[in-house]
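>>> quick one: sequence plus predicted model below, questions after.
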Amino acid sequence: MPVVPRVIVRVRDLPEPITYAVQPGTCLLIGRLPDPSRLVTETGELAESISGMQVLTARIDSPRVSGNHLLAVCAPGGNMSLYEMQSRNGTSLRLYPGQPVRLRGDVTVDLAFRGGSAAMLGEPRPADWTDESDFGMQVVAAINEWLAPQTVDLRAELVAPGKRDGEGSSFHLADDHTLLVASLSSGTYDPQIGVLLDRIRVYIHEQNIRLEQFQKRVDGMIVSSPVMRDVLRRVAEAAEQGRRTVLLGPTGAGKEWLARCYHRYSPRSKGPFAALNCALLDRDLLYAQLFGARRGSFTGAVNDVQGLVEASHEGTMFLDELGEMSLDVQKALLRFLDTRGEYQRLGDPKVRRADVQLVCASNARLDEVEYRMKHFRDDLWYRLSSAVIRVPPLRERPEDVLAFLQLKLLRNSTLRVVDALSPAALRCVLADPLPGNFRDLENFVDRLPAAQRPGEIEVAQVEAALREGRGQSSGTPNNVPEYQGAVRDSGRIRRMRLPDKPSENRNVDWEGMAVEAIAAFLADHGDSVAGWGELHALVEKYLKPVFVAQATELGNIDEVSKNINYSALARKLNIADGSTVKMHLTRYVERFRQRKTPPQS
């Protein structure tokens, strides 16, 4: 019984090889547009030998393949011959290790195997899209811009989902459109076009990843600027690789949004996400919040407390304001990392274990050695900073400001903010430095006056709303005294107004105490948006330490001595215990005596 040989055809454009069975006594013509009528002119003397044989055709939908590319002829006895039809890009025979060339049986061939010119380097620029609806058109624009100087007759076009018009190489886009790259002529692609198509394939894969990262971001996060999309890309890559990440940037720039995006991109995304602001709690409470506490280990601990580490087991733990973490807690966190997840609750000798991924954020200059020398442990920094990503301020992201104004409605109105602003007013907003970033921008929008018609809000109203948010006005009332040590920040002065009538209680200089505490608070946290957490920090870390130092007449000490009778001082001030007095005096010395100038931000 004659053997039925097979031709296995491979083409770069096709995901899988195609197998054709060639019956004895038949011919198989393989090509992009196979035409048996042209065999007489293309095969010359071969035409006589195949005369009377049935010619079957096999169509390969690839612009790399010529119209008539390869002819397979199977003799009645099963022997097969292959004839190259003078195609433009040629045919390669695939030989396997240890196998001789046999044409009686199966044979594998590569059509259009030759590569193109190695001199054609580069790739299209990243597509400059602002949202998903613009993605496909921008990818097409970038590809056509790149193809223009390549001296080839290729052009890319966008095809709507579910449609396919025309012939050419098609690529799937992440927004469900199809990108079709077709020749402006009907000829076979030359080899260099194959190189271009391969690079387009790689490029589209990269752009699809960018869009998919954008689509998976946390709901409501604005990422319209190219610089912020690059930040999002780096966050996604760090998350996918499981790298500990530190986000550095100003307050309100979106660091917590990015931390939540990190969790969403991470293989741990099905696990919990837990966040803690390291600036809002004192040393013991921060340790308890981080690692948990045993019942009775501190005042108010009536039950066992589960820490953030335990709550984020097999998930992501986000530590905000990392630079504010006390040195004692830094030591405990360092040990947790060094022991690969071992920790102890406050007041509990039992060793526990947790598996968490860490993402941290800070508006301090933790990446600078000089800053860390005074504020942060180097060894902990190097364990946390596998990836360090800078989050730019909003003043460097005008596209994000514009996108926010396009999405936000004016208060008590159906009018978008961007429509309510006159062109000059919009330019004024886009040119503003917005020192508070998104928090500043959100509050500015809330302060805008009502408007009924597009373009109704003018420059003067915008400037007034911006000044109001920064404590600026056209003038300071003459009957309100100013604190002489006003804090200067970015060219603006924050003035603290004191009451006209001073307090009659002279046991403590209440006005001086308030001025000293608030000035230090503004120097350290002046750019923070007012909130309950900021008020808590002002009272616990600034007002109380200054009060204790003044009331105990210890405002000039430069270190906390063991010889001080803290219990006696506590009784004098009606404070529950001496340890509280010592804690606040320690804070006073560290902030107001040892560090008399505010840290540079």
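The structure has been received and is ready for your questions. Numbering: from 1, shown residues only.
>>> which residues does the residue most central in space within the chain contact?
In the chain, the centroid-proximal residue (Cα atoms, centre = their mean) is Leu232; its distance is 1.6 Å. Shown in contact with Leu232 (Cβ atoms under 8 Å, 6 or more residues apart in numbering): Gln213, Phe214, Arg217, Val223, Leu258, Cys261. For glycine as for every other residue, the C-beta is placed from the backbone atoms N, C-alpha and C.
>>> can you lay out these as JSON lines showing pLDDT and distance to Gly307?
Converted to JSON lines, the contacts of Leu232 look like this (pLDDT from 0 to 100; distance: Cβ to Cβ, whole Å):
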{"residue": "Gln213", "pLDDT": "80", "distance to Gly307": "32"}
{"residue": "Phe214", "pLDDT": "80", "distance to Gly307": "34"}
{"residue": "Arg217", "pLDDT": "78", "distance to Gly307": "29"}
{"residue": "Val223", "pLDDT": "86", "distance to Gly307": "32"}
{"residue": "Leu258", "pLDDT": "94", "distance to Gly307": "24"}
{"residue": "Cys261", "pLDDT": "92", "distance to Gly307": "24"}
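>>> so which of these is the most crowded?
Among the contacts of Leu232, Leu258 has the most neighbours (other Cβ atoms under 10 Å), with 28 neighbours.
>>> for it, helix, strand, or coil?
Put simply, Leu258 is helix when judged by DSSP: H, G, I helix; E, B strand; the rest coil.
>>> ok, it - contacts?
Applying Cβ under 8 Å, 6+ apart, the residues contacting Leu258 are Val231, Leu232, Val235, Leu247, Ile389, Val391.
>>> how near is the second one to Pro349?
This means Leu232. Counting by Cβ to Cβ, to the nearest Å, the gap between Leu232 and Pro349 amounts to 44 Å.
>>> count of residues packed around the residue lying closest to Leu211 once chain neighbours are set aside?
Spatial nearest neighbour of Leu211, excluding adjacent residues (Cβ to Cβ, 6 or more residues apart in numbering): Ala174 at 4.3 Å. Look at Ala174: counted by other Cβ under 10 Å, it has 20 neighbours.
>>> check which helix or strand Ala174 maps to.
Per DSSP states H and E: Ala174 is located in neither a helix nor a strand.
>>> isn't it right up against Glu206?
No: applying Cβ atoms under 8 Å, one finds Ala174 not in contact with Glu206, separated by 10.8 Å.
>>> how's this structure carved up into domains?
6-111, 132-215, 244-257+268-390, 394-468, 499-593 (automatic domain parsing).
>>> mind listing what Glu314 touches?
Arg268, Gly271, Pro272, Asp355, Val356.
>>> packing partners of whichever strand or helix holds Ile200?
Ile200 belongs to helix 191-215 when assigned by DSSP H and E. Counting contacts by 3 or more Cβ pairs under 8 Å, 6 or more residues apart in numbering; DSSP states H and E, helix 191-215 packs against helix 135-147, strand 154-159, strand 169-172, strand 178-183, helix 226-241.
>>> circling back: kindly indicate which of the contacts of Leu258 lies nearest Arg416.
Closest approach to Arg416 among the contacts of Leu258 (Cβ to Cβ): Leu232, at 24.5 Å.
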